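In: How does the following fold in three dimensions:
(chains A and B)
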2 protein chains.
Amino acid sequence: MPDDFVVTPWEVKGSVDYDRLVTQFGTERITPEILERIRKTTGELHPMLRRGVFYSHRDLNWILDRYEKGTPFALYTGRGPSSGIHIGHMLPWFFTKWLQEKFHAKLYFQITDDEKFLFKDFDNLEDATKVGYDNILDIIAMGFDPKLTSIFLDTEYIHHLYPIAVEVAKRVTYSTTLAVFGFENANNIGEIFYTSIQAAPAFLPTIEAGKEVPVLIPCGIDQDAHFRITRDVAPKLGYPKPALIHTKLLPSLLGPGGKMSASIPESSIFTTDTEAQARKKVMNAFTGGRATVEEQRRLGANPYICSIFAQYNYIFEPNDKNLAIVEETCKSGARLCGDCKAELWEKVRPWLKAHHAAREKAKDHVEEFVVRDR
Amino acid sequence: MPDDFVVTPWEVKGSVDYDRLVTQFGTERITPEILERIRKTTGELHPMLRRGVFYSHRDLNWILDRYEKGTPFALYTGRGPSSGIHIGHMLPWFFTKWLQEKFHAKLYFQITDDEKFLFKDFDNLEDATKVGYDNILDIIAMGFDPKLTSIFLDTEYIHHLYPIAVEVAKRVTYSTTLAVFGFENANNIGEIFYTSIQAAPAFLPTIEAGKEVPVLIPCGIDQDAHFRITRDVAPKLGYPKPALIHTKLLPSLLGPGGKMSASIPESSIFTTDTEAQARKKVMNAFTGGRATVEEQRRLGANPYICSIFAQYNYIFEPNDKNLAIVEETCKSGARLCGDCKAELWEKVRPWLKAHHAAREKAKDHVEEFVVRDR
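Out: Got it, this is the predicted structure:
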């Protein structure tokens, strides 16, 4: 099979075949049966579940089994602070917030400043930590429950993480990281060790509680490699394997073939974009439209390759009926790309404005969320 | 050149050719000129310097240059807590204590519980930490100045060490650790990362002082590999390269071909040996004696392969004249191995008794020495 796309924690390239990833990574599809179990428990299904944005999992049935029998689970997710936050980063966080509300789950939110320093072009570790604190404002602005949420930066919480990481590291050979991540001899020894640090928070809830606490990790499918290692090691250390629920990656505003990228500002809307910047990105976005208005009226357009439709589908149009109308009128040629862009902007604009305000307010609440070694 | 001996931080095998190590590792011999500089500054020369027990160095002249111009240096040494302490472990500590006294130097003493967990057969990290605390009693019992000495366990001081270790790790490739340590793909990823943690304390004094503080590391020549990496990275991070002063390894009581080993109790005197146990080890030790008394009286014996003479030379006979008498009467056949053993035991016995008492007393002083993240 040709490598026409690549999905690793550090690189997403090409047009991702999400079905093939399920086979390649050995995960499971989220079935209608699982959706029904969730609906029964929560009373509703998040649009990202209904629409298969969160589409793959590991051991989700086990989480639900335990929950139904009265054992709550903890949530663990994270952020690699390489840049500012865009809506692609926030996609799993919207869903994580919903999970927190519906399951009243404690959330462990890891900020991997060490990782981004080791893998990226930061000159100093402190620069990554600084970006981490900037990202935390966006996380807090999402509206997580401060009583149920702990955010920590690896370098500031390492006293808690390192002893667990060392226990993990002892059970992972260099060969394994070669096979799982494709490392080479030129990789630095921090990169090689790092997966141990990302494994650690999966075991924190059990350590803190002094008894087995199931953990569910909502994350992009690109992060699965880390947690394959974490899950492999867990029973050897006497911890439950963390369960996973995987999201697809939000398509770029520039069209097929890649996720949104901080290095290409036009590829996504960033939380610190001005209204004018964000509006311009929406208006310039790649669509599935035809070459001319006449042609589009006659033949219809293609919503399935359209980045605007993807924003609706993944995030900005939670109402299924409305989404179906967009889909049908697009295909029939009744609506033009300009209509869609204008309507999306009418959804993005107030959201962005509210987020700007929430982000500003978050500056006064950092200490309610962030935990540190001391 | 055949590998007839091996010296790495984790393995010493065969009959070590210390001269060849100087070439192999690229260190420098301690010259009479350097000894004279030290004698001028301190007023005397430690027996381990006079006798070439500490025999090799890196940048010791730079340390003395700086010191003579008024810049004090810090000392950094350590202990891998895999087992109880024997006198082979203590050899560099006797000398470190002398350096601390003569140069009024602050001492950073690292206990690498993470390392020993990663490289040894500990089932749990806590077991290595526990051995670390047991070893600390011996370190305190050496008589270091509590006002000038900080002892820390890696897992308990990681908040201070990890950010430095990550900066180091970014500059060290897997290729480098392959070349320096001879790692293989089956090594675990903690082992591969670990040298970054051993590098970190070399930069702590400069970080704490907020200005360049020279660091001198007294250690076994087997530890040089780590500090070749540390020294290579130092200027890239803006720190001075730590200087080193290397000791030979105390010969085993069982004879040539290896250092003292915790896995072979008879190979050395342990600080927790009873008098009876220690006496038996001395009495059973390998010597350079002849097959019969008659033969030895006639031909003399060989002090240079004798483990008893080595204990005198390295540690227990600081008086050069007395040592010369032992050497000559051994070679002439005037003294027999039984005499030497009995006399050594008369030196070891009171030392062991005093150490037992000091070790017991140390239990009340741990908190004066140990620093932790919180």
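In: Every contact and neighbour count from this point should use C-alpha atoms.
Out: Fine.
In: Let me know how buried A:A334 is, in neighbour terms.
Out: 15 (other C-alpha atoms under 10 Å in any protein chain shown).
In: what's the helix or strand for the closest residue to it other than its chain neighbours?
Out: What sits nearest to A:A334 in space, not counting adjacent residues and going by C-alpha to C-alpha, 6 or more residues apart in numbering or on different chains, is A:R297, at 6.3 Å. Secondary structure from DSSP states H and E places A:R297 in helix A:293-299.
In: Flag every buried residue along that helix.
Out: Using 16 or more other C-alpha atoms under 10 Å in any protein chain shown as the test for burial, helix A:293-299 gives A:Q296, A:R297, A:L299.
In: quick one: contacts for the last one?
Out: If I follow you right, that is A:L299. A:K331, A:S332, A:G333 (C-alpha atoms under 8 Å, 6 or more residues apart in numbering or on different chains).
In: Please apply the same query to A:V371.
Out: Each residue near A:V371 by C-alpha under 8 Å, 6+ apart is listed here: A:S150, A:I151, A:F152, A:Y157.
In: at 6 Å instead, please
Out: A:F152 (C-alpha atoms under 6 Å, 6 or more residues apart in numbering or on different chains).
In: now it: how far from chain B?
Out: Plainly put, A:V371 is 14 Å away from chain B if you go by C-alpha to the nearest C-alpha, to the nearest Å.
In: Which residue does the stretch 251-374 of chain A have closest to chain B?
Out: Chain B sits closest to A:R374 of the stretch 251-374 of chain A, with a gap of 6.3 Å, by C-alpha to the nearest C-alpha.
In: Does that residue lie in a helix or a strand, and which?
Out: Using DSSP H and E, A:R374 falls within no helix or strand.
In: Please name the nearest non-neighbouring residue to it.
Out: B:R374 (6.3 Å).
In: following the helix holding A:R297, which helix or strand comes up?
Out: Immediately after helix A:293-299, counting by DSSP H and E, sits helix A:307-311.
In: buried sites along the following helix or strand past that next one?
Out: Using DSSP H and E, the helix or strand that directly follows helix A:307-311 along the chain is helix A:320-332. Using 16+ other C-alpha under 10 Å as the test for burial, helix A:320-332 gives A:L323, A:V326, A:E327, A:E328, A:T329, A:C330, A:K331, A:S332.
In: Remind me what the next helix-or-strand element following helix A:320-332 packs against, helices and strands.
Out: Where DSSP H and E defines the elements, the next helix or strand beyond helix A:320-332 is helix A:337-362. Counting by 3 or more C-alpha pairs under 6 Å, 6 or more residues apart in numbering or on different chains; DSSP states H and E, the packing neighbours recorded for helix A:337-362 are helix A:125-141.
In: Give me the pLDDT value at A:K259.
Out: With respect to pLDDT, A:K259 scores 62.
In: With just CA atoms, put the helix holding A:R297 into PDB.
Out: What follows is helix A:293-299, C-alpha atoms only, in PDB (Å, rounded to 0.1, in the frame of the first residue of the first chain):
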ATOM      1  CA  VAL A 293     -22.400  30.600 -11.100                       C
ATOM      2  CA  GLU A 294     -24.300  29.400 -14.100                       C
ATOM      3  CA  GLU A 295     -22.600  26.000 -13.900                       C
ATOM      4  CA  GLN A 296     -23.200  25.700 -10.200                       C
ATOM      5  CA  ARG A 297     -26.900  26.500 -10.500                       C
ATOM      6  CA  ARG A 298     -27.200  23.900 -13.200                       C
ATOM      7  CA  LEU A 299     -25.000  21.000 -11.800                       C
END
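In: Around chain B, which positions in the stretch 51-200 of chain A sit nearby?
Out: Counting by C-alpha under 6 Å from any C-alpha of the partner chain, the stretch 51-200 of chain A comes close to chain B at A:118, A:158-159, A:169-170, A:172-175, A:185-190, A:193.
In: List the ones among those residues that fall in strands.
Out: Using DSSP state E, no member of these falls within strands.
In: So which of these sits lowest on pLDDT?
Out: Within the set of those, pLDDT is lowest for A:N185 (91).
In: For it, give me its contacts.
Out: Counting by C-alpha under 6 Å, 6+ apart, A:N185 makes contact with B:Y174, B:S175.
In: gap between the particular helix or strand that has A:I207 in it and the chain center?
Out: Assigned by DSSP H and E, A:I207 belongs to helix A:204-209. Mean-position distance between helix A:204-209 and its chain equals 23 Å (C-alpha atoms, centre = their mean, to the nearest Å).
In: what's the answer for stretch A:161-172, then?
Out: Centroid separation between stretch A:161-172 and its chain, computed with C-alpha atoms, centre = their mean, is 25 Å.
In: Format the contacts of A:L299 as JSON lines; extra columns: distance to chain B and pLDDT.
Out: Below are the contacts of A:L299 laid out as JSON lines (distance: C-alpha to the nearest C-alpha, whole Å; pLDDT from 0 to 100):
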{"residue": "A:K331", "distance to chain B": "51", "pLDDT": "97"}
{"residue": "A:S332", "distance to chain B": "55", "pLDDT": "97"}
{"residue": "A:G333", "distance to chain B": "54", "pLDDT": "96"}
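In: Closest one of those residues to B:C219?
Out: Among the contacts of A:L299, A:K331 lies closest to B:C219 (C-alpha to C-alpha), at 75.3 Å.
In: Could you check how far the most centrally placed residue in chain A is from B:T230?
Out: Centroid-nearest residue in chain A: A:P92, 3.7 Å away (criterion: C-alpha atoms, centre = their mean). Plainly put, A:P92 is 40 Å away from B:T230 if you go by C-alpha to C-alpha, to the nearest Å.
In: now do A:V7
Out: 35 Å.
In: neighbour-wise, which of these two wins?
Out: B:T230 (24 against 20).
In: and the host helix or strand of the more buried one, anywhere near chain A?
Out: Taking DSSP H and E as the definition, one finds B:T230 inside helix B:224-237. No - Helix B:224-237 is not in contact with chain A by C-alpha under 6 Å from any C-alpha; minimum separation 9.3 Å.
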